[in-house]
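In: can you look at this prediction? I've put the sequence above it.
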Amino acid sequence: MVLVMGALGAVGGVLLLRIDAEATTTSAEFVDSAGFQVWAAVIAVQAAVWAVVTVPLWREVILAYRRTRPASSIWLVPALIVTALVLLAVLSPAQTGDWPLAGHQIKAWILTTAAAVGVGVPAVFGICIVQDQVRRHGPDGLTTRDIDMARVARAQMRRFLGVAGVVISLAVLASGALRRATVPTFLDEQQFPASAVLLYGAFFTVLLLLVYVPAHLSLRRLCIDLREHYFPATAMPSPTSAEFTDWVDGRGRLDTLTQVNVTREPTTVVAGRGQMRRCRSPL
């Protein structure tokens, strides 16, 4: 089923580009060029990914929304993302470019809308839902259920981030392929500079970071609260006591379980129960 959906998406993306593609002499020449074939292949990969990911992504977002029942203010972020995309599409110099492919602007609008509605915006919205869920859990009254919730939230956030990252990467790759196919044979360097591809990728990357970083920090704060709830630093045993090793190991195991640290923590050697052991630093 996945292969079928991917194949249908790829074929649909290529067919969209070839609609009325020979309406003008320039467009026909462009379609016959090797650069167009490469660009069309990238578009096919994009469309295949969208077709495969859209349904399970929407299903997960809807289930997370129903389970979490987030505040109505959560809709603000997707609304701002959509507004930014519309402004980019309207104000972009690409709208006035003399593109060789017939109907380029309309086809670009269709592809952009498919990417945004099918994959991009749902992935960003999913990150917002996870953040809303995490922020409801304060440092007081934490239980083992919150540990499981933190693990699930991190896994969800990584999936949503991964999907959004793939969408951005393929979009930048497609933009680069389009530039290579059109410059300098069909467009001048000034009409489609290399910096435009970089700015295109930077725009979407910044949007994603503005959503992901606050969510990541909220989740990290919860994981730290969980560690301090069960193994508080204020209750640290004496470093010379047998309980110190268990306390350090407990903090380390909880950190590992919740994956609070992005990078690997330094290790230190501590003495306990008559032997030397390596353990994660509690700091």
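Out: Okay, I see it.

In: and the contacts of stretch 188-208?
Out: 81, 84, 88, 93-94, 97-98, 124, 161, 164-165, 168, 171-172, 175-176, 178-179, 182-183 (C-beta atoms under 8 Å, 6 or more residues apart in numbering). For glycine as for every other residue, the C-beta is placed from the backbone atoms N, C-alpha and C.

In: would you mind listing which of those are buried?
Out: Buried members of the contacts of stretch 188-208, counted by 16 or more other C-beta atoms under 10 Å: 81, 88, 94, 124, 161, 164, 168, 171-172, 175-176, 178-179, 182-183.

In: these two touch, right, Ala153 and Val134?
Out: Yes - using C-beta atoms under 8 Å, Ala153 is in contact with Val134, at 5.5 Å.

In: between those two, which contacts overlap?
Out: Shared contacts of Ala153 and Val134, defined by C-beta under 8 Å, 6+ apart, comprise Leu219, Leu222.

In: which of the buried ones among the contacts of stretch 188-208 lies closest to Ala102?
Out: Thr182 (13.6 Å; C-beta to C-beta).

In: what residues are up against the closest one?
Out: Neighbour list for Thr182: Phe30, Gly35, Trp99, Pro100, Phe192 [criterion: C-beta under 8 Å, 6+ apart].

In: mind checking which of those land in helices?
Out: Counting by DSSP state H, these place Phe30, Gly35 in helices.

In: columns neighbour count and distance to Leu217 on top of the contacts of Thr182, output as a markdown table?
Out: Formatted as a markdown table, the contacts of Thr182 follow (neighbours: other C-beta atoms under 10 Å; distance: C-beta to C-beta, whole Å):
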| residue | neighbour count | distance to Leu217 |
| --- | --- | --- |
| Phe30 | 23 | 47 |
| Gly35 | 18 | 43 |
| Trp99 | 22 | 42 |
| Pro100 | 23 | 46 |
| Phe192 | 22 | 38 |
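
In: and which of the contacts of Thr182 is nearest Trp109?
Out: Trp99 (12.5 Å).

In: of the buried ones among the contacts of stretch 188-208, which one scores lowest on pLDDT?
Out: Within these, pLDDT reaches its minimum at Ala94, with 72.

In: the nearest residue to that one once chain neighbours are set aside: how many residues sit nearby?
Out: Leaving aside its chain neighbours, Ala94 sits nearest to Ala108 (7.3 Å; criterion: C-beta to C-beta, 6 or more residues apart in numbering). Neighbours of Ala108 under the rule other C-beta atoms under 10 Å: 18.

In: do Ile106 as well
Out: With other C-beta under 10 Å as criterion, Ile106 counts 12.

In: for it, give me phi and psi.
Out: Dihedral angles of Ile106 (phi, psi; degrees, to the nearest 10) stand at phi -70, psi -40.

In: okay, it: pLDDT?
Out: Per-residue confidence (pLDDT) for Ile106: 93.

In: spit out the contact partners of it.
Out: Per C-beta under 8 Å, 6+ apart, neighbours of Ile106: none.

In: contacting residues for Gln259?
Out: The neighbourhood of Gln259, defined by C-beta under 8 Å, 6+ apart, consists of Arg151, Arg154, Cys223.

In: same check on Glu243?
Out: Counting by C-beta under 8 Å, 6+ apart, the residues that Glu243 touches are Pro237.

In: quick one: it and Ala115, what's the gap?
Out: 55 Å (C-beta to C-beta, to the nearest Å).

In: with Ala23 instead?
Out: From Ala23 over to Ala115 (counting by C-beta to C-beta), the distance is 25 Å.

In: the two - which one has more neighbours?
Out: Neighbour tally, Ala23 and Ala115, criterion other C-beta under 10 Å: the higher count belongs to Ala115, 22 against 12.

In: list the buried ones in the helix or strand encompassing that one?
Out: Assigned by DSSP states H and E, Ala115 belongs to helix 104-115. For helix 104-115, a neighbour-count test (16+ other C-beta under 10 Å) marks His104, Lys107, Ala108, Leu111, Thr112, Ala114, Ala115 as buried.

In: kind regards, and thank you for your time.
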